[in-house]
Every structure is written in C-alpha cells, then in structure tokens.
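S.K.: could you work out the structure for the sequence below:
(chains A and B)
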Amino acid sequence: MDEILGKIYCWFESLFGQNLAEYLWGYSCETQVYDGKNLYNSIGLIAIGISLVFVLAYYYLPLWGFNHPRTNRWWNWIIILFIAGVTNLLIGYSWTVNDFLNGNIGDCLMYSRDSDGNIISQLIFQKDCWLFGLSNFFVSAIFFIVWSGIFKWWSRNCKHSPLF
Amino acid sequence: MKIDKTTYKDRKERPSGMTAYHASRPDKVLFFADTHFLFKSRPTLHTLSSPTCRHTNQSLPKSAILPTHNLNNHLNNLKLKSMNKAIHVLYGFVVILLLTSCGNSGKKTNNNNAPKDSVKVEIIRPTVNVYIENSGSMDGYVKGVTEFEQAVYNYLTDIKISQFTDSLNLFYINSDIIPQGSDISDFIEKLEPNNFKNKGGSRGTTDISNLLKCVLTETCPNEIAILVTDGIFSPGKGKDAEQYLVNQQIGIKSNMAAYLKKYPNSAVVIYQLSSQFDGLYYNHEDYGTKINEQRPYYIWIIGETDLINDLIIKVPENKFKGSGVQNVFSITGGPKSVDYAVKMGSGNFDLDKQEPKTTIENLKKETKGKQNSARFSVNVNLSGFLLSDNYLRDISNYELNNKDFALTICNSVSNSFGYTHQLNFESGSVHKGVISVKLKTLIPQWVEEKNDSIGTAPVKGKTYGIKYQIHGVYEAFTISNNYYTEIKIKIN
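M.R.: Presented below is the predicted three-dimensional model:
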C-alpha cells in the first residue's frame, strides 16, 4: 500500500529520470537499500490534500466567486485545476531542488564515476527537479479529477461543471 | 574465611539477577551502631545510662546520668574516657560512611555515562615459522650471494618490519626440523652449502609429502608457515618415478585434507620464483649434474585465510627482490558468501524495493543510443580469496547458468563498501529467473607449463613434479566443491 503513490509517480519517471526516482523512493547509497523516507508518499499526500482543498473550495466555498452560478463553466474548473496543479508543481520542484542543492541526494545517484573515483557524468540535474514538479502537476490533476467526480454532486451551483 | 574470587566478568550478571556496573564502587561494609546521636533532642534514659554515652548530653538532669555505677572509681573513669574517645572515632567513621554511601545510590550505579574502566586491548600477532629445505638439491641456491638469498632475506625482513608478527622462527627442514633461532640476518649469512650439510638430517632425498606433513603438523591456529623449497621430487634409484609422483600427490592430498579438517578456514599460497643455481641438479634417480643457470624455486605460505590475506596486504608479491614472483597459485576453502549488490543505474530496470541488492524488476532493453540489449551490473567484493586480479578478471574462471547472457568483468568503481569487481551482464533478450555466476576454483595454466614430467635432466624454468604437488593441494581443497563463491541475481 505504501508504494501506490510511488507507482503513480513512476508513470512519469521518463520525465524526471530513474536516478531522481530512486532517491524519491528512499534509496540510500550508504546502505544500498531503500531505508530512506519514501518522498513519493509525502509529496503525494500533499498533492492529494491540495487538490481536495481546491475541489471543495470550487464546489462548496461561498466566497471569492467560488460555488457561484457564474463559475459553473468547464473552463472555470480548468482554471482551478491549473492553479492546484501549479501549486503542486512548485511544491514538487522546491522539495527536490532543495535536496539537490543541499547535497541530500546520494553520490551513487548523482554521479557516474570511473574506477579511480573520478566523475564521468552527472546523472541528476536541476531541470530534473522542474520535470518532477511537472509530474507532480499531472498527479495533482489526476486527483483533482477524481475529487471532482466524487464531490461535485452535492454542489449547489457547480454540480454540472466540468461535465454532466 | 571465604575468599571471593569472582572477577568483574563473572560479576556482570549475578545469580540474583542484579547487574553490577564495573565503574561502581566496591561493595559496602556496614557498621551497626547505636544511632541515638542522630536524635539529639530525644535522649533516652536507657541509652544514656550506658557509661559509653554519658558525655553526649550535658543538659540532662543529674539523676538521669548518674545511675547506679560507682563514679568515684578513678580507674573506671580513665577507662570510660578512653572508651568515649573510641566511640567518638567510631561515630565519626559511621557518619562518613553513610555520607559517602549516599553518593553511590542505585541510580548512579546504573548511570551509563559514568567513566568506564579503560581496557587495554593487546593485539596478538601471529607467529611466523619459516622452513627452508636444506636437502642436497638446494645447495646450488645458496652458493655465494644469490637472488634466492636476497629474495628470502628481503621477504622475511619485510614481514618483520611490517609488524605483521612479533615472533618469527627459522628452521631448516629435510627429514627433520632443525631450529635456527630467529635472527634473520645471521640465518641468511649462514645460508651456505657447508652449513646446510653441517646441520644434519637426511639430505639425500626429498619426500615432499612428508616435508609438508611435518610443516602442517607444526602449524597451529594464529600461525603461518612459510616453506622455501625447490619443489623437486627425488624418488631415488630404482623406483617407478611415475608411480612415486602419483603417490606423492595422494600423500599431499591426504595430509592437506587432514589439516583442512582440523582447520577448515585455511589457505595455501605458492609463489614461484627464480634464482641463479650453481650446483648439482639431482634427477629422479638421484644422479647429480653440475649446472649453473636460473632455476625456479617455491615459497609456500600455509595458514588461516585471514592471516595470509593480511600478510599479502602488508607484504605484496611485487615487493619480492631478485627476479620477483614469476607465478602464483593460491587456494582457499569454499564456497563462501561474498558481499554483492546490483549496481544502480547500470541498465534499464528497477531495483526490488525489499531486496534491492539481489533482485531486479522490469528489466528492459536499452532504448537509448545504438544499444539494443538488456543489461545490468553487479558490484562484488572478491578480496577474500587471495586471488590475483588477473584470475578474477578472467571470464573463463566463471560459470554462468544462463548462456544467453554475456559476462564481462572490470574493476569496481571506487566505493566505501569494499567492492573490488564489477560483473556486467548483457543479453539480446530479456530473461526472467535467477542468474547464477560461480567463481570456479581452477589450477592456473602455468602449473602445467612449468611442470617437468620426465625428471631425467634439468629443464630450464621447469620443476620436476610441481604439477603433482599443486594438484594434491587442489584436490584436498576441492574435495566437496570446486568453486569459491556463487552470486545469484533474481530477475522478476
């Protein structure tokens, strides 16, 4: 069960790379086993929570134009999904780039070395953190859709957004 | 009187279930005394009626402190005064004891932060026993100053100064073992044919099986035996040489097997070296031929694997003087488990989250570049087998259970896990199941090449019957298996 979120993120592994994926799984270069914290669970739960908050706000919050007949449009729903996604994108990026810049990612995941220990190539770059953020955007969008499908039916003004 | 002979170790866990802490103070001595002095305001007539306590409270009514005794007795007064002093001292002592015992409550006794007894750990270094064969066939190696003497002198000196051992004992060996003390330089100076002769023993023939038996019998745990020999069999006149060699091989195998049964974690390393030989070369019929040429000789190292490994690290083969080590044969008992792990990112696959070292999932063909194969690498620590890098990198020394995978071996990337080599697996198709690789125990090719199977005349660079000696050792070590270790990778 604790691998479900990781497996969802791995649908997008080709975007951000295997090495960053292994780090997020909790692989430790020191012990060569997955004894680190599974960051997919942490980041994924935040993504789920933020998506839920935005969905509930869109359908039920009687403030700032939410849950209003005027926002009962599919593109209004898309805008909220986009805002939730970008929020998660920034969270995913900032989380990974923080670990990247602080050297928290193990050497065996960061670099390829020759037999003398010299670095042959770098395996994780800062752009991979952006790409993981993008993956988090997609995951967030998936959960936003799922939450919308669950909670839209009891909304007074937006139950027909985005569809049906 | 009962003398408590329990040591700290014995006292660590007491039968009563109490745990002693080594840093705690010794057991207390308890003094039992009248404690009325603690209750100054409540003197009791009973206690104060005792002559020993009369001085303690001057404010009591006289009737209370002047009871039935005869106070006019001067002698009694003197006695009472001296007793009172003694009681004072005793009370003081009790108070001090009580105060100091408060500072060692149970809580403090169990405090792990208290300073612990400093334990001086004394490293017991192994004993090295050096046996130099002094049969007649060895005379040519020690005539004058030779590479043989330089190599042996330098090797023994390196062992001594590397602090591998504190005890290095020197012996001559033929039919007997003849102690020669432990002074290396004196020993080397006396390495001359005449000295060989004077030391006695049967120098006429060389029964290597018996020679080895003597050495093995003398080699105990935490000891290493170094045997220096020309390795030439001398069956003697009128004997069936071939039969003799086979019998010697069986004898060596038997002796070595008995030794391994006693000390299963043993190993043997045989260095082949070369030196100028100026003397009589004895053929298989003990007929001597005068020669002056380079001849091989051998240094056997026998003992526990870990000790020999340590010795080889401290005095590696490239430190040998003279013409250096020509060839090496080494063997340890197997199979032994080694530390290994699939290398992260060495192919298109995922590591199993539960067993990432040994199990991979979703192995796929590489899609990047021109490569179109499934591949993965395994880092492994092969340092515990006393094998050369050449042996470990030769793929013919490995047995793979899946022929669809091609195996290549290279040195491992610098790491903190002690991995020495990297096994690379590549296949044109994806296979699932268990990939098994065995590091085989094989006799190196040089043994056959350097063996003189005839023994009638000296053959340059070859030794009569060396093959039989090494095969005897090999068969003893491989009686139950013929591989050093097995590496298994599961592909799901």
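S.K.: pull the distance from the top helix by length along chain A to the chain's centre.
M.R.: If you go by DSSP state H, chain A has its longest helix at helix A:74-101. Centre-to-centre, helix A:74-101 and its host chain are 7 Å apart (CA atoms, centre = their mean, to the nearest Å).
S.K.: list the helices and strands that helix packs on?
M.R.: Packing contacts for helix A:74-101, counted by 3 or more CB pairs under 8 Å, 6 or more residues apart in numbering or on different chains; DSSP states H and E, involve helix A:18-25, helix A:39-60, helix A:126-151. Backbone N, C-alpha and C define where each C-beta goes, glycine included.
S.K.: got the angle between the second one and helix A:126-151?
M.R.: Regarding helix A:39-60 and helix A:126-151, their directions subtend 40 degrees when assessed with axes from the mean of the first three to the mean of the last three CA atoms, to 10 degrees.
S.K.: tell me which residues in helix A:39-60 are buried?
M.R.: A:39-41, A:43-44, A:46-48, A:50-52, A:54-55, A:57-60 (16 or more other CB atoms under 10 Å in any protein chain shown).
S.K.: before we move on, what about the longest one?
M.R.: By neighbour count on 16+ other CB under 10 Å, the buried set for helix A:126-151 is A:128-144, A:147-148, A:151.
S.K.: the closest residue to residue A:36 other than its chain neighbours: what's it in contact with?
M.R.: Using CB to CB, 6 or more residues apart in numbering or on different chains and skipping residues adjacent in sequence, the residue nearest residue A:36 is residue A:26, 3.6 Å away. By CB atoms under 8 Å, 6 or more residues apart in numbering or on different chains, the contact list for residue A:26 reads A:34-39.
S.K.: any idea how far chain A is from residue B:248?
M.R.: Applying CB to the nearest CB, to the nearest Å, the value for residue B:248 to chain A is 43 Å.
S.K.: near chain B, which residues of chain A are found?
M.R.: Neighbours of chain B within chain A, by CB under 8 Å from any CB of the partner chain: A:3, A:18-19, A:22, A:25, A:27, A:29-30, A:32-34, A:108-109, A:112-117, A:123.
S.K.: in chain A, what residue is nearest chain B?
M.R.: The nearest approach of chain A to chain B comes at residue A:117, 3.4 Å away (CB to the nearest CB).
S.K.: elements contacting the helix or strand encompassing residue B:476?
M.R.: Here residue B:476, judged by DSSP states H and E, is contained in helix B:466-477. Other helices and strands packing on helix B:466-477, by 3+ CB pairs under 8 Å, 6+ apart, are helix B:241-262, strand B:266-282, strand B:327-332, helix B:445-449, strand B:451-452.
S.K.: list of residues touching that helix?
M.R.: Outside helix B:466-477, the residues that touch it by CB under 8 Å, 6+ apart are B:208-209, B:231, B:233, B:245-246, B:248-257, B:260, B:268, B:270, B:298, B:329, B:331-334, B:441, B:443, B:447-448, B:450-453.
S.K.: can you say which of the residues you listed are buried?
M.R.: B:208-209, B:231, B:233, B:245, B:248-249, B:251-253, B:255-257, B:260, B:268, B:270, B:298, B:329, B:331-334, B:441, B:443, B:447, B:450-452.
S.K.: low-confidence ranges, chain B, go.
M.R.: Scanning chain B with the threshold set as pLDDT under 70 gives B:1-118, B:200-205, B:368-371.
S.K.: which parts of it sit against chain A?
M.R.: With CB under 8 Å from any CB as the criterion, chain B meets chain A at residues B:341, B:344-345, B:350-351, B:353, B:356-357, B:410-414, B:416-417.
S.K.: would you write a PyMOL line that selects the buried entries of those?
M.R.: Per 16+ other CB under 10 Å, the buried members of these correspond to this PyMOL selection:
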select buried, chain B and resi 341+344+345+350+351+353+356+357+412+413+417
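S.K.: biggest separation within the residues of chain B next to chain A, which pair?
M.R.: For the residues of chain B next to chain A, the farthest-apart pair by CB to CB is B:353 and B:411; their separation is 29.1 Å.
S.K.: my guess is residue B:156 contacts residue B:129, does it?
M.R.: No. Using CB atoms under 8 Å as the test, residue B:156 is too far from residue B:129 to be in contact (11.4 Å).
S.K.: so the two - more neighbours on which side?
M.R.: For residue B:156 versus residue B:129, the count of surrounding residues by other CB atoms under 10 Å in any protein chain shown is larger for residue B:129: 25 against 22.
S.K.: show me what contacts the more buried one?
M.R.: Counting by CB under 8 Å, 6+ apart, residue B:129 makes contact with B:168-169, B:171, B:215, B:218-219, B:223-226.
S.K.: quick one: which of the residues you listed is nearest to chain A?
M.R.: Nearest member of the contacts of residue B:129 to chain A, counting by CB to the nearest CB, is residue B:224, at 31.5 Å.
S.K.: before we move on, what SS does the closest one have?
M.R.: With DSSP: H, G, I helix; E, B strand; the rest coil as the basis, residue B:224 sits in strand.
S.K.: quick check, it in contact with residue B:127.
M.R.: Yes. Using CB under 8 Å, residue B:224 is in contact with residue B:127, at 7.4 Å.
S.K.: now the residue of the stretch 301-450 of chain B found nearest chain A. Nearest residue, chain neighbours left out?
M.R.: Of all residues in the stretch 301-450 of chain B, residue B:414 sits closest to chain A, at 3.4 Å by CB to the nearest CB. Leaving aside its chain neighbours, residue B:414 sits nearest to residue A:117 (3.4 Å; criterion: CB to CB, 6+ apart).
S.K.: ok, now how distant is the closest residue to residue B:465 other than its chain neighbours from residue B:209?
M.R.: Closest residue in space to residue B:465, ignoring its immediate chain neighbours: residue B:233 at 4.0 Å, by CB to CB, 6+ apart. In this view, residue B:233 and residue B:209 are 9 Å apart by CB to CB, to the nearest Å.
S.K.: same question, residue B:257
M.R.: The gap separating residue B:257 from residue B:209 is 12 Å, by CB to CB.
S.K.: distance from the chain centre to the helix or strand immediately after the longest helix of chain A in the chain, please.
M.R.: Sequence order places helix A:107-110 as the next helix or strand after helix A:74-101, per DSSP H and E. Offset of helix A:107-110 from its chain centre (CA atoms, centre = their mean): 22 Å.
S.K.: CA atoms only for helix A:107-110 - export them in CSV, please.
M.R.: Presented in CSV, the C-alpha positions along helix A:107-110 are these (Å, rounded to 0.1, in the frame of the first residue of the first chain):
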residue,chain,number,x,y,z
ASP,A,107,26.6,10.2,-4.6
CYS,A,108,25.8,7.0,-6.3
LEU,A,109,22.6,8.6,-7.7
MET,A,110,24.1,11.9,-8.5
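S.K.: buried sites along the helix or strand just after it?
M.R.: Next helix or strand after helix A:107-110 toward the C-terminus (DSSP H and E): strand A:111-113. Residues A:111, A:113 are the ones in strand A:111-113 that count as buried (16+ other CB under 10 Å).
S.K.: all strands for the stretch 51-200 of chain B, in order.
M.R.: Taking DSSP state E, counting those that start in this stretch, the strands of the stretch 51-200 of chain B run over residues B:127-133, B:167-173, B:177-179.
S.K.: what strands line up against the shortest one, and which way round?
M.R.: Partner strands for strand B:177-179, per DSSP bridges, with pairing direction: strand B:167-173 (antiparallel).
S.K.: give me the angle between the strand it pairs with and strand B:127-133.
M.R.: Put simply, strand B:167-173 runs at 20 degrees to strand B:127-133, going by the same axes, to 10 degrees.
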